[in-house]
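Q: can you look at this prediction? I've put the sequence above it.
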Amino acid sequence: MTLYFDAAAVLFEAHPSYTGRWEDRLWLNVPGPVYGGETDNCGTGRLHAPRHVLYGDDYFGEYVYRQPRTPGEAADVLVAIEEEPWGGYNCDGDQRWTPDLVREWWRDRGRVLEYLRDQSREWERIDTMDPRQHTVEGVRDFAAYITGGTDSGSLETDLRTYLYWLEERRSPTPDDLLPDLAPARAPRRSP
């Protein structure tokens, strides 16, 4: 049994050309292979991948709040990617994220939670305009995922598993020790 699902391999096989740029990546994207960069704001992502995509930042572009962990989830995210007309997604995050960047994102997760809380009226407005979105539900799911877990796991565990993937380039087994999300401390000098 492995703990990490290589979504990038599945997505690249199904759709080998992505044009989203790392430099345009929305800061709300959770670390992992898939991310939204400069995407449209037409509200299609949640219709196809409601457990993975949310809208945010100044123009309410799409971003990935939970990386796909099964072939079925990858298929849902692929539909969201294909429906996004600007080509703002990419799946090269494994070549972009470093262990230090993942730890930095985790350290700054309070900023994400603050953003989600501060935009609550906007999420309600989106749901009023299009009740199919269930954006408020998605935002609650993302916040719970960050703060300790949902019925489908916790972001902390998923990021520790992803760190292992980045460092070892293989999925951990249940017997492997997962890396810590806290940055490694420099050794103390003796007096």
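A: Right, received. Where do you want to start?
Q: what's the nearest residue to the spatially most central residue of the chain if we skip its chain neighbours?
A: Residue closest to the average C-alpha location in the chain (CA atoms, centre = their mean): Val30, at 3.1 Å. Using CB to CB, 6 or more residues apart in numbering and skipping the chain neighbours, the partner closest in space to Val30 is Tyr65 (5.8 Å). C-beta: built from backbone N, CA, C; applies to glycine.
Q: touching, that neighbour and Ala49? I think so.
A: No - contact criterion CB atoms under 8 Å: Tyr65 and Ala49 do not qualify, at 9.9 Å.
Q: what comes up buried for stretch 51-61?
A: Within stretch 51-61, the residues scored as buried using 16 or more other CB atoms under 10 Å are 51-56, 60-61.
Q: before we move on, what about stretch 120-139?
A: Under 16+ other CB under 10 Å, the buried positions of stretch 120-139 are 123, 126-127, 133-135, 138-139.
Q: which members of those residues occur in helices, if any?
A: Judged by DSSP state H, the buried residues of stretch 120-139 include 123, 126-127, 135, 138-139 as members of helices.
Q: returning to what we had before: pretty sure the residue nearest to the centre of the chain contacts Trp105?
A: Yes - between Val30 and Trp105 there is a contact under CB under 8 Å: 7.3 Å.
Q: what is in contact with the two at once?
A: Residues touching both Val30 and Trp105 by CB atoms under 8 Å, 6 or more residues apart in numbering: Leu159.
Q: now Leu3, what's its secondary structure?
A: Following DSSP: H, G, I helix; E, B strand; the rest coil, Leu3 is assigned to coil.
Q: what does Glu62 give?
A: In three-state terms, and counting by three-state DSSP, Glu62 is strand.
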